[in-house]
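Q: okay, here's the prediction I keep looking at, along with the sequence it came from:
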Amino acid sequence: MGRIHRTRRDWVADLALFLFAACFAAVSSQSIPVPENLDPVWRNVDQVVGGLGCAAVLLRRRWPVALAVALLLAGTKAHYLTGPAMVAVFTVAATRPWRATAWVAALAFAPLPAFLWRVAELPEDRASSALAYFALIAGAIGWGLFRRSRQQLIASLRERAELAEADAGLRAEWARRETREEIAREMHDVLGHRLSLLSVHAGALEFNPGASREEIARAAGVIRESAHLALRDLREVIGVLRAEPEEDERPQPELSDLARLVAEARATGGRIELTGPPDGPMPPPVVGRTAYRIVQEALTNARKHAPGAAVAVEVTGSPAGKLAVEVRNAPPPGPDPVPGEGGVEGENARAGAGGGQGLIGLAERARLAGGELTAGPAGGGFRVHAWLPWPATDIASTASRR
């Protein structure tokens with residue numbers, strides 16, 4: 001066995017137990033029934049063995065079981081080893097496995113049956129001394145078992161605390177990841193919509209150099225306004241990153257804002273027909289915001305992949321049922337696209353192969369809200385359809401807010 005490294009606390013404990021064993025031997029020496037006819041040489045040897053037993057207590061960390069066995073066996077002949085034996089069996093019970101403790105305890109109490117058989121024949125002082133010895137050994141073993149149980153309990157509580165801390169760290173990391181994903185979706189939805197408006201008007205200026213001053217001024221105004229709104233939205237999203245969670249009071253879009261969204265798209269020359277949303281109470285904020293983002297992303301994709309195509313937006317539903325959102329765009333004007341090369345189906349095929357993050361994010365939004373979203377080519381154009389749950393429990397509260 002390698003060298004045992006003792007801390008300052010270990011040394012204090014070992015010296016305290018050494019002093020305990022020595023003091024116990026000194027105090028109990030007057031009450032130990034030593035035969036009167038014992039040779040003085042053996043009496044001195046007995047006392048020396050007791051002193052060596054007390055010093056051997058310092059070896060209890062290196063060889064606890066061997067030390068306990070040696071002291072218990074020597075104690076059957078020597079008269080001053082009860083203190084060191086108590087320390088040794090205590091150490092075994094406190095630090096060694098159950099099996100080792102059981103074997104040492106069996107060795108310590110092996111003479112007990114024979115003693116009980118002959119207890120009536122023994123002198124009273126020897127009988128009482130033997131009973132005290134077995135009681136002290138039993139107490140030392142019991143105290144050692146209690147100390148080990150307490151150490152195991154403390155270790156278990158410490159492990160639970162560490163696991164709880166690690167679990168809390170994982171939950172915090174998961175919450176941060178969800179927050180980052182939510183912010184990424186917000187940036188994609190909001191900035192994608194604004195930047196697509198910029199792209200449409202910049203493209204119009206590029207490919208129509210003969211436009212009148214009024215058209216150029218109108219397009220430049222839309223570009224300036226779209227850039228300003230994009231910067232504002234970007235500042236709001238970044239502000240969420242800097243602010244504490246309870247400080248996030250950024251206004252979120254609702255279903256009633258669809259008319260404004262469609263009006264912005266129409267201002268860029270888009271041919272958009274809006275049906276709905278239904279009159280009456282509005283759906284819960286989460287449902288309304290999800291529907292708004294679905295329409296916003298669908299209009300952005302229509303501008304990018306089918307410029308100039310007519311777009312139909314339909315929002316239907318009622319409380320205690322479902323809110324249905326459908327955005328369908330016709331084929332873009334111009335020559336028929338070659339599948340996989342251009343047009344709506346070609347653009348979306350490429351998006352599905354290497355991008356499509358917007359549609360993936362929309363599908364995730366719908367799933368988190370308890371609904372479902374499907375998207376794909378339809379009749380030469382493209383169709384996005386989603387349904388979201390509209391709980392009836394929110395009718396009264398929503399109506400009161402309105």
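A: Noted; the coordinates are in hand. Numbering: from 1, shown residues only.

Q: which residues touch Ala366?
A: Neighbouring residues of Ala366 by CB atoms under 8 Å, 6 or more residues apart in numbering: Thr290, Ile294, Glu372, Leu373, Ala386, Leu388. For every residue, glycine as well, the C-beta is placed using N, CA and C.

Q: and the fourth one, backbone torsions?
A: In terms of degrees, to the nearest 10, the main-chain angles of Leu373 are phi -130, psi 140.

Q: in the stretch 51-200 of the chain, which spans are helices?
A: Assigned by DSSP state H, counting those that start in this stretch, the stretch 51-200 of the chain shows helices spanning 64-74, 82-95, 98-108, 112-118, 124-207.

Q: give the other helices and strands that the last one contacts.
A: The one in question is helix 124-207. Under the contact criterion of 3 or more CB pairs under 8 Å, 6 or more residues apart in numbering; DSSP states H and E, helix 124-207 touches helix 82-95, helix 98-108, helix 112-118, helix 213-242, helix 258-267, helix 285-305, helix 357-368.

Q: out of these, nearest to Val327?
A: Nearest to Val327 among the helices and strands packed on helix 124-207 is helix 285-305 (3.6 Å), distances taken as CB to CB.

Q: distance from the chain centre to that closest one, please.
A: Mean-position distance between helix 285-305 and its chain equals 33 Å (CA atoms, centre = their mean, to the nearest Å).

Q: quick one, it and helix 357-368 angle?
A: 160 degrees (axes from the mean of the first three to the mean of the last three CA atoms, to 10 degrees).

Q: in helix 285-305, what's buried?
A: Across helix 285-305, burial judged by 16 or more other CB atoms under 10 Å covers 286-305.

Q: neighbours around Asp233, how many?
A: Around Asp233 there are 18 other residues, counting by other CB atoms under 10 Å.

Q: hmm, it is touching Arg194, no?
A: Yes. With contact defined as CB atoms under 8 Å, Asp233 reaches Arg194; the gap is 6.5 Å.

Q: distance of His228 from Glu206?
A: Distance of His228 to Glu206, computed by CB to CB, to the nearest Å: 21 Å.

Q: what about whichever helix or strand Leu388 is part of, distance to the chain center?
A: Per DSSP states H and E, Leu388 falls inside strand 381-390. The chain centre lies 34 Å from the centre of strand 381-390; the measure is CA atoms, centre = their mean.

Q: cool, and stretch 206-224?
A: 54 Å.

Q: so His228 and Glu206 - more neighbours on which side?
A: A count of neighbours by other CB under 10 Å puts His228 above the other of His228 and Glu206, at 11 against 8.

Q: okay, that one: pLDDT?
A: We have a pLDDT of 78 for His228.

Q: try Ala330
A: We have a pLDDT of 89 for Ala330.

Q: repeat that for the one 4 residues further on.
A: What the model reports for Gly334 is a pLDDT of 64.

Q: circling back: could I get the helices of the stretch 51-200 of the chain as TSV with distance to Val27 and mean pLDDT?
A: Output for the helices of the stretch 51-200 of the chain, formatted as TSV (distance: least, CB to CB, whole Å; pLDDT from 0 to 100):
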stretch	distance to Val27	mean pLDDT
helix 64-74	18	87
helix 82-95	9	87
helix 98-108	21	87
helix 112-118	23	79
helix 124-207	13	80
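
Q: those helices: which one's closest to Cys54?
A: Nearest to Cys54 among the helices of the stretch 51-200 of the chain is helix 82-95; the distance by CB to CB comes to 5.4 Å.

Q: what angle do that closest one and helix 98-108 make?
A: Using the same axes, to 10 degrees: helix 82-95 against helix 98-108 is 160 degrees.

Q: was I right about Gly321 contacting Leu388?
A: No. Counting by CB under 8 Å, Gly321 stays clear of Leu388, with 10.3 Å between them.

Q: please say which of those two ends up with more neighbours.
A: Taking neighbours as other CB under 10 Å, Gly321 and Leu388 compare with Leu388 leading, 24 against 13.

Q: I'd like the distance between the more buried one and Pro97.
A: 61 Å.

Q: one more: Tyr133?
A: According to CB to CB, Tyr133 stands 25 Å off from Pro97.
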